[in-house]
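Novice: Next comes the sequence, and after it the predicted model I'd like to discuss.
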Amino acid sequence: MGNPLLVFTRKSQRGNYDNDAKIIAIAHDYGMIVITADSGLQVRARAQGVEGVVWTGPDRAENKTADPKARVPNRPTVVPFELCKTPINEKPSLLCISVIPKEGDTLTSGENGRVRLIKTLSAGGEGTIFETDHPDRVCKIYHKDRLTTIRQKKIDLMLSRKIVKEGICWPIDYVKNDTGQFVGYLMPRAKGKPMQHTMFVKPVLERSFPNWSRIDLINLCIAFLDKVSFLHGINIIVGDINPLNVLITEESNNVWLVDTDSFQIEGFPCPVGTVNFTAPEIQGTNYAEFLRTKEHELFAVATMLFMILHPGKPPYAQEGGGDPAENIKKTNFAYPVFGKDVSGRAPQGPWQNIWANLHRDVQVAFWNTFKNNQHIEVLKWRGILRGYRSEVLKGNFSNEIFPTTFRITDPVEVVCGNCSEKVVASEKRYQRMVSEGKHYFCGKCVANIRLHILARKARDANQTVRANRSNSGNQTLYNMASRAPRSGGYYQPNSGSKGLVGGIFDAIFNLFK
């Protein structure tokens, strides 16, 4: 074009948002055109008013296929949202809404025409989700006290991007009541049920997904990371990451993220959150008054991964309990790594076995996050989990969701001294027990024995409590009797006292006399 060319060589730092911002700033200040092999940089440049062109030179021809029909079409690009440092400074005010739609009502939308509400699917604190006469669409109608100017502006901002991503329930279109007032929006119909209700209790997990193995849990983690990576790529912070907002199906390689209108987008904070998924540095803060950072989000991401791989167990849960918020703020992570158990309070039972059977890289990543507060990038997590999955497929790590033993590196087949079944054991541990004259019990038998011991302790404790209550009751009666009128050295019922309390006391005294 007859103009000078300024070239930045940055192959090793592609995708570095700080460098991208500098490049875009220079191009903007000097009226340059950004020519790049990175389509993401092109999109970010255009979003800030800088012309961007994707370069496909001759030495990139290897990406083309011989058959033009076999080429993969370019993925649609989405202009990223702006990154803001402070929340919007505007006081919300209620919209004047005359009628809130209900089942059977017909609404108008911007691009989807008339929409009829068929039946209620769910209801929450913000609004109600309805099935519609569009089979692949559902409609969220806000409660009257939640319809504010701020909420409408946020939905307008979300609708400014046509985000079509399998597994993300992004608003598709607004809906208005019969008087033309904004009352909610349409979104894709999600598949599956909340993770919280289907896999965070062992019997429920085994009943919901009887064919699942540890590979499925890893697949679930990777699918979740893919969704978060996509959203981070367009400058969206999920914010309220929790197992109620993640839906899962029998297909473990896909998840659905719902409640997207709570996402943090530009200056609109995510106003909600839960303690277990809140980073140490923002524990106890008002979620609606600040903007989360990607670092805050990475803590929540790691927590979700931990609770998938340890079905339902939060990372800071410990023997003896303790306040979750305090454990998080003090980074009291109890699981051992580097050969050391720093607290001795890691939860007993299946959780220790699961932890012991994790790939070393997974353990270290969790340790760095929850003990050292060093957050792991989404793409790095994905690489770590893919490596873990590969090792499980090779048979180097247990494929059981709930392993019954610690990881065995020196396997040998032995006979359980309790159930007589053939099992795989650690040869070193087995030989040591034989030398000590002990029987080797398989993991299932050990777990059953532990349950029996816990049950016996519970019965003993219950009997102790009952005995203490009985003794306390007898002592109370004795004290009452000792203060009553005496004749001949012991209490005599007073025939002249005919009150209800006196009669009851007389009956009890005669019973114990």
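Specialist: Good, I have the coordinates.
Novice: Does residue 50 touch residue 28 like I think?
Specialist: Yes. Using C-beta atoms under 8 Å, residue 50 is in contact with residue 28, at 5.2 Å. Yep, even glycine has a C-beta here, placed from its N, CA and C like the rest.
Novice: Look at those two and report which has more neighbours.
Specialist: residue 50 (21 against 14; other C-beta atoms under 10 Å).
Novice: need the contact list for the residue nearest to the more buried one when sequence neighbours are not counted.
Specialist: For residue 50, ignoring the flanking residues on the chain, the nearest one in space by C-beta to C-beta, 6 or more residues apart in numbering is residue 27 at 4.8 Å. The contact partners of residue 27, taken as C-beta atoms under 8 Å, 6 or more residues apart in numbering, are 33, 34, 45, 50.
Novice: try residue 154
Specialist: 261, 265, 268 are the contacts of residue 154 under C-beta under 8 Å, 6+ apart.
Novice: Put the buried members of these into a PyMOL selection.
Specialist: Selecting only the buried entries of those in PyMOL, with 16 or more other C-beta atoms under 10 Å as the criterion:
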select buried, resi 261+265+268
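Novice: Distance to residue 207 and pLDDT for the contacts of residue 154 - can I get that in a markdown table?
Specialist: Below are those laid out as a markdown table (distance: C-beta to C-beta, whole Å; pLDDT from 0 to 100):
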| residue | distance to residue 207 | pLDDT |
| --- | --- | --- |
| 261 | 32 | 95 |
| 265 | 38 | 97 |
| 268 | 39 | 97 |
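Novice: how about TSV for the contacts of residue 154, with secondary structure added?
Specialist: Shown next, in TSV, are the contacts of residue 154 (DSSP: H, G, I helix; E, B strand; the rest coil):
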residue	secondary structure
261	helix
265	strand
268	strand
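Novice: If I look at residue 470, what pLDDT would I see?
Specialist: We have a pLDDT of 71 for residue 470.
Novice: Likewise for residue 110?
Specialist: At residue 110, pLDDT is 88.
Novice: I'd like to know how many residues surround it.
Specialist: Other residues close to residue 110 by other C-beta under 10 Å number 13.
Novice: what helices or strands is the longest helix along the chain leaning on?
Specialist: Ranked by number of residues, the top helix in the chain under DSSP state H is helix 443-482. Secondary-structure packing of helix 443-482 (3 or more C-beta pairs under 8 Å, 6 or more residues apart in numbering; DSSP states H and E): helix 500-512.
Novice: what pLDDT, on average, does the helix it packs on get?
Specialist: 48.
Novice: Same question for stretch 403-416.
Specialist: Per-residue scores along stretch 403-416 average to 76.
Novice: I figured residue 249 hits residue 192, correct?
Specialist: Yes. Counting by C-beta under 8 Å, residue 249 touches residue 192, with 4.0 Å between them.
Novice: quick one: contacts of the biggest strand by length in the chain?
Specialist: The single longest strand within the chain, with elements called by DSSP state E, is strand 114-123. Contacts with strand 114-123, where a contact means C-beta under 8 Å, 6+ apart, come from 101-109, 128-134, 137-139, 141, 175, 186.
Novice: Go ahead and confirm residue 95 touches residue 147.
Specialist: Yes. Counting by C-beta under 8 Å, residue 147 is a contact partner of residue 95 at 4.5 Å.
Novice: so where is this structure shaky, pLDDT-wise?
Specialist: By pLDDT under 70, the low-scoring segments of the chain are 1-2, 10-17, 56-76, 321, 338-344, 407-411, 447, 472-513.
Novice: Which segments of it make up each domain?
Specialist: The chain is divided into the following domains under automatic domain parsing: 11-70, 106-188, 223-393, 411-481, 483-513.
Novice: how about those, which one is nearest residue 215?
Specialist: Nearest to residue 215, of all the domains of the chain, is domain 223-393, at 5.9 Å by C-beta to C-beta.
Novice: Identify the residue spatially nearest to residue 322, adjacent ones excluded.
Specialist: residue 332 (7.3 Å).
Novice: Which secondary structure state does residue 437 sit in?
Specialist: What three-state DSSP gives for residue 437 is coil.
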